[in-house]
Structure formats: C-alpha cells, structure tokens
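K.L.:
here is my input, please return the structure:
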Amino acid sequence: MLLIRNKELRNAIKIAVPFVIIPSVTILGALAFDEKKHIIVSLAVAVFSLLLFAAGFEKKSTGTRRMVIVAVMTALCFAGRFIPFLKPIAALTIITALYLGGEAGFLVGALSAVLSNFYFGQGPWTAFQMLAWGLIGLFAGIFSEKLLKSRVLLLLYGAATGIAYSFIMDIWTVLWYNQGFSLKLYLAALASAVPYTASYAVSNVLFLYLLAKPFGEKLERIKTKYGV
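P.N.:
Residues are numbered from 1 along each chain as shown. This next block holds a predicted model:
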C-alpha cells in the first residue's frame, strides 16, 4: 500500500486529483480518444483515484484496513447495479464517505463504475460515471459532520447528487453527439433526461433512508474495533 508521508503533498493531491486532474483526463479523453481506446482513460482515472485514496491516510496499517472495507463496499455497489430500475451505488458511496472519508468514497464510486462496466459494457461514458460517483462520495466526506447530524439533510444531499449525476453524465452526451460542448445541446439533453434524473434522485433517497443507519452502525463499529 502506497504511503505518502509529506503532509503538503497529500493536501495538494487531495485538491488537484479530484478537481483538476481527473476531470481533465475524463474530458480530454472523450475528445481525443476513439471508442476503442476508452479503457485507457478509465484505467487512468482508477489509478488517480487510488492515489487520492492513498493521500487520505498517514499510517500504512490504517490504510490497508480501510482498503479492505472499500473493497467490500465496492463489491456491494457492483451487486447493486443488478437491481432493476433503482440503484444503490450512489447511496453506498455516500455512506462509505461519511464513515471512512471522502477519499474512500471517491474510490468506491470510481471503482464501482469501472468494475461493473466490465459486465454492463465499457465505453467512453465509464470515465464520466467514475468521476460523477467519485465526486458524490468526495463531497459526502467533506460535509460528513453535518450530514451525520441530520437525516433530512442527508436525504436532501442524496436527491441533489442524483440530479448532479445526471448533469455530469449529460456533459458526456453532448461531447459524444457534438464532438465539442454546446450549451444549447446540453440544456436539451438535460430536458430529455428528466425521467432518468428523477430515478437517480429517488434511488439515492430511498437507499439512504433504508441503508444509512444499519450500514453506518456497522462501519462505526469496525472503525472503533480496528482503529480505522
């Protein structure tokens, strides 16, 4: 497990990777690579997601234990994609971030997309899914203190991130259709995607309502027992 000891470097990675490097790789990859090379972009995003995760801990043993939990949560997200209509991926990503930190949440979201798409189909959209679910987890970790104190706020966050997911994915839709960004096409894509956006928001609210408390209690117990 990679251990980054320099605090300033860790802080720089936490800012640069999710907000600059991965978005740039995702967008430039969609514009510069054809569909046969999309896996290169997805793997690059996965590597940077691991780097972000490594920047989130100081002790090697703690990071290894967190990685085990991340692997379990990623597996649950993978299984959740087989549920018809409503998917628990974003909700499980948020729950992970609330108790293990935003870096762990980003990694769960990103890995869930790329791994499950080996079954559901890889494509240039995969990197955008990785970015979208990753950011949902990252911001959940950033606002974890407030989200853990208010169930209503947590459910509102789930609804908002369902909408945000659709907004990010429709950037890919426009780039794929137009080979460049067009605000007019983007607004049209958002309008046509309203039923899907609603389903994302409802999924997040439903699964956060059902899973946040039982999963949270188990993750909190694991954190206490193993010093994660």
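K.L.:
neighbours around residue 220, how many?
P.N.:
Residue 220 has 14 neighbours, counted by other CB atoms under 10 Å. For every residue, glycine as well, the C-beta is placed using N, CA and C.
K.L.:
what residues are up against the closest residue to it other than its chain neighbours?
P.N.:
The shortest distance from residue 220 to any non-neighbouring residue, by CB to CB, 6 or more residues apart in numbering, is to residue 99 (6.2 Å). Residues in contact with residue 99 (CB atoms under 8 Å, 6 or more residues apart in numbering) are 144, 216, 219-220, 223.
K.L.:
can you put those residues in a markdown table and add pLDDT and secondary structure?
P.N.:
Shown next, in a markdown table, are these (pLDDT from 0 to 100; DSSP: H, G, I helix; E, B strand; the rest coil):
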| residue | pLDDT | secondary structure |
| --- | --- | --- |
| 144 | 97 | helix |
| 216 | 95 | helix |
| 219 | 93 | helix |
| 220 | 92 | helix |
| 223 | 84 | helix |
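K.L.:
quick revisit: the residue nearest to residue 220 and residue 18, how far apart?
P.N.:
For residue 99, the distance to residue 18 equals 19 Å [CB to CB, to the nearest Å].
K.L.:
lowest-scoring secondary structure element of the chain by mean pLDDT?
P.N.:
When the helices and strands of the chain are compared on mean pLDDT, DSSP states H and E, helix 60-80 comes out lowest with a mean of 86.
K.L.:
mind giving me the packing neighbours of that one?
P.N.:
Other elements packing on helix 60-80 under the criterion 3 or more CB pairs under 8 Å, 6 or more residues apart in numbering; DSSP states H and E are helix 38-54, helix 89-100, helix 102-120, helix 194-226.
K.L.:
among these, show me which one is buried the most.
P.N.:
Among those, helix 89-100 has the highest mean neighbour count (mean count of other CB atoms under 10 Å), at a mean of 28.
K.L.:
and that one, average pLDDT?
P.N.:
Here helix 89-100 scores 97 as its mean pLDDT.
K.L.:
relative orientation of that helix and helix 102-120 in degrees?
P.N.:
Per axes from the mean of the first three to the mean of the last three CA atoms, to 10 degrees, the angle that helix 89-100 makes with helix 102-120 is 150 degrees.
K.L.:
show me how far helix 89-100 is from its chain's centre.
P.N.:
Distance, stretch centre to chain centre, for helix 89-100: 9 Å (CA atoms, centre = their mean, to the nearest Å).
K.L.:
how about residue 85, secondary structure?
P.N.:
coil (DSSP: H, G, I helix; E, B strand; the rest coil).
K.L.:
dump the residue contacts of it.
P.N.:
If you count contacts by CB under 8 Å, 6+ apart, then residue 85 has residue 199 around it.
K.L.:
for it, give its distance to residue 42.
P.N.:
25 Å.
K.L.:
got the phi/psi numbers for residue 143?
P.N.:
phi -100, psi 20 (degrees, to the nearest 10).
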